[in-house]
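[1] build me a model:
(chains A and B)
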There are 2 protein chains.
Amino acid sequence: MTVANHFELLRTDGTARRGQLTTPHGVVRTPAFMPVGTLGAMKSLHWRDVRDAGADIVLGNTYHLMLRPGAERVASFGGLQKFTTWNGPMLTDSGGFQVMSLAQLRKVTEQGVTFRSHIDGAKFELTPERAIEIQRLLNSDIAMQLDECVRLPAEHADIDRAMQLSLRWAERCKRAFETAPEGYMLFGIAQGGDVPELRRASAQGLIDIGFHGYAIGGLAVGEPQAVMLAMIEEVVPILPLDRPRYLMGVGTPDDMLEAVARGVDMFDCVMPTRNGRHGMAFTRHGQINMRNARHQDDPRPLDEESTWPAARDYSRAYLHHLVRSGETLGAMLLSEINIAYYQSLMQGIRAAIDAGTFEEFRARTREGWARGDIPPR
Amino acid sequence: MTVANHFELLRTDGTARRGQLTTPHGVVRTPAFMPVGTLGAMKSLHWRDVRDAGADIVLGNTYHLMLRPGAERVASFGGLQKFTTWNGPMLTDSGGFQVMSLAQLRKVTEQGVTFRSHIDGAKFELTPERAIEIQRLLNSDIAMQLDECVRLPAEHADIDRAMQLSLRWAERCKRAFETAPEGYMLFGIAQGGDVPELRRASAQGLIDIGFHGYAIGGLAVGEPQAVMLAMIEEVVPILPLDRPRYLMGVGTPDDMLEAVARGVDMFDCVMPTRNGRHGMAFTRHGQINMRNARHQDDPRPLDEESTWPAARDYSRAYLHHLVRSGETLGAMLLSEINIAYYQSLMQGIRAAIDAGTFEEFRARTREGWARGDIPPR
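    Residues are numbered from 1 along each chain as shown, chains lettered A, B, ... in the order given. Model (predicted):
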């Protein structure tokens, strides 16, 4: 059956793709990195900085928001975009992954998953139908199907069972989404762990059902990067060229560059904000630990070539002082510097694909990371 | 002996005063509230927001900065203004108050105070001379004398002893400050607890020594507001009309309004940022607890008449959600809203004194606080 398409593929450069996705709340330039605002807030960041950093779209989470403040309450404020003041495109995770990693006493059946809240132990049920209902209440531009994600390494039989269940849930999500207004999207999620034939079967099953876009889930859960890339290489060739491809929960700048090279269009990850809170900075020199005493007397900025003011305005010595002192401003500055670096990486990738120079960009960027940070003074 | 004067008294309205203080890093409009950036950072706030909120001057602290990152290190970066990027007027507390409240194993002698750091137990000595040296290294525009502050209630003999010691330290600070370049200032601190004759003796002793400005210390340490105001009324009439008067560590908006009415020019307090981190908002309706469930479904902003965007752009429901969820953005927004309210109060006070309408402003402002928050919907 036909599903409306809101993705436009503008250009390819090898397997890398440049496109744009039109959502009810605006256009998303791809490849795109979606900063994660799990609970309706970007940790340690103002919304204006998320926007100024160049993010077109952000991610919220069904599991967290259903517990607090509650999907019906968000709906009463006109949706997550209005509630938060972000007012731009928003994708919501279906909650499945967080139920597995955060909830207490969770139980998966054919019907769905029952669990107790990690906040107060209250009992909840998340079915494919309820996951879609919640995401519609949140007014999410892009809803994700409910899936079961298996942590790796795992037995073949377990991976297979979860993948097959996720496919049946995908069908139910598709049906539940049928009444959504034009322009809103639902993505299916390919599972299958680290087993090539299960990955392919999952992707093919989703295509048979038909979605606005296709995600690759259950990766970046502890497996080596080579395994992750191999699984992408199994799935991508099966996916329709004209639909967006989203690699969930990924990752490091290097992970993203390699996934773009293999045809992925969208990413999300808590790493830039989480690592920022722990004193780590992402730059063109790689990842830099600002707690390290080497920065203590260094008057130089983190990266004088950065397009982000905070990466140029503050000395390494001051950032080091803030991090060592546990000052919130340290987490605020490093989080925004990291989000801005992730966005500038995406901007660089998009420009390179547009120019047909993605391979040079990839090589030059990897070289910068490999050289590492400038020597201490 | 003569001490250069950098304060200009522009206008009086009753006992309330409107003036300006010229520092090496810029002009301070008085009455002035100085946000507190103890460790060279404003907690949960960007420096640009401190500036945009209307603060002309901020406060740093000798005790904290001598421990981390160290005064000599700050000096190597050209001073605290450059190190932090604030680059405006800065006043530094001498560290005496924090040694008493934070340090371990502290011992006060005629020479000074020895103590162990609350961070790592390292041993330090703070003498009047070293307190001035540190503040000069920090490049503080306004240095404070080292004093001994007695927590109330206290015995008369203890208050007297500490006040007399503080006066002898004031003389030593004055001598140590003699080599400071033109334009930099040193303020003496009147002590004397809640004993009128000791307060007067302290103020007179300081005037005999001669300072660029005069502070009233050892208040807002737990005594009733009436006692604090009575002590201000003892000290202010003695102080020279042409010098700035600074009430240390004060306070609530109401404390400041009443102190301005009694002739005080400068204030500092951690309350707007500390209370902001704990979910409390200062507005023209008084102090509002954003944790309270009454805000849970309220789409209205905190104060639609506020001049600060965040007080108008976010719903009470969203702020409540952030505070209840422990999201850093909640602390960030409430801290900036509070700093902005304190600054707008000072702006209102200055405009009212300029217009000769301070008494009306005071009555109208107090009425607003007394009416309290708007009713829940």
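[2] please count neighbours and contacts with C-alpha atoms only from this point.
    Will do.
[3] what residue in the stretch 251-377 of chain A comes nearest to chain B?
    Closest to chain B within the stretch 251-377 of chain A is residue A:328: 5.3 Å, counting by CA to the nearest CA.
[4] tally of neighbours for that residue?
    By other CA atoms under 10 Å in any protein chain shown, 21 other residues sit near residue A:328.
[5] now the phi/psi pair for it, please.
    With angles defined as degrees, to the nearest 10, residue A:328 sits at phi -50, psi -30.
[6] now swap in residue A:118 and tell me
    Dihedral angles (degrees, to the nearest 10) for residue A:118: phi -70, psi -10.
[7] burial measure for it, as a count.
    Residues near residue A:118, counting by other CA under 10 Å, number 15.
[8] what parts of the stretch 251-377 of chain A come near chain B?
    A:297, A:299, A:313-315, A:318, A:321-322, A:325, A:327-329, A:332 (CA under 8 Å from any CA of the partner chain).
[9] which one of those has the most neighbours?
    Ranking these using other CA under 10 Å puts residue A:318 first, with 28 neighbours.
[10] sticking with that residue, tell me its helix or strand.
    Assigning secondary structure by DSSP states H and E places residue A:318 in helix A:316-325.
[11] what mean pLDDT does the helix or strand following that helix get?
    On the C-terminal side of helix A:316-325, the closest following helix or strand by DSSP H and E is helix A:328-355. Across helix A:328-355, the average pLDDT comes to 98.
[12] and if you look at stretch A:362-377?
    Across stretch A:362-377, pLDDT averages out at 96.
[13] swap in stretch A:61-71?
    Averaging pLDDT along stretch A:61-71 yields 96.
[14] pull the residues that contact it.
    Residues outside stretch A:61-71 that contact it (CA atoms under 8 Å, 6 or more residues apart in numbering or on different chains) are A:37-40, A:92-96, A:98-99, A:117, A:131, A:134-135, A:137-138, B:321, B:325.
[15] which of these count as buried?
    The neighbour-count test (16 or more other CA atoms under 10 Å in any protein chain shown) marks A:37-40, A:92-96, A:99, A:117, A:131, A:134-135, A:137-138, B:321, B:325 as buried among these.
[16] in helices, which of those fall?
    Among these, DSSP state H puts A:96, A:99, A:131, A:134-135, A:137, B:321, B:325 in helices.
[17] in those, find the pair that's most separated.
    A:96 and B:321 (22.6 Å; CA to CA).
[18] in which helix or strand does residue A:49 reside?
    According to DSSP H and E, residue A:49 maps onto helix A:47-52.
[19] buried residues in that helix, which are they?
    A:47, A:50.
[20] next secondary structure after that helix?
    Of the helices and strands lying after helix A:47-52 in sequence (DSSP H and E), the nearest is strand A:58-61.
[21] just the CA trace of that following strand, in CSV.
    Output of strand A:58-61 as CSV, limited to C-alpha atoms (Å, rounded to 0.1, in the frame of the first residue of the first chain):
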residue,chain,number,x,y,z
VAL,A,58,15.2,17.4,18.3
LEU,A,59,14.2,14.2,19.9
GLY,A,60,11.8,13.6,22.9
ASN,A,61,11.0,10.4,24.6
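[22] after that strand, which helix or strand is next? Please name it.
    Using DSSP H and E, the next helix or strand after strand A:58-61 towards the C-terminus is helix A:62-67.
[23] would you double-check that residue A:193 falls in a strand?
    No: using DSSP: H, G, I helix; E, B strand; the rest coil, the assignment for residue A:193 is coil, not a strand.
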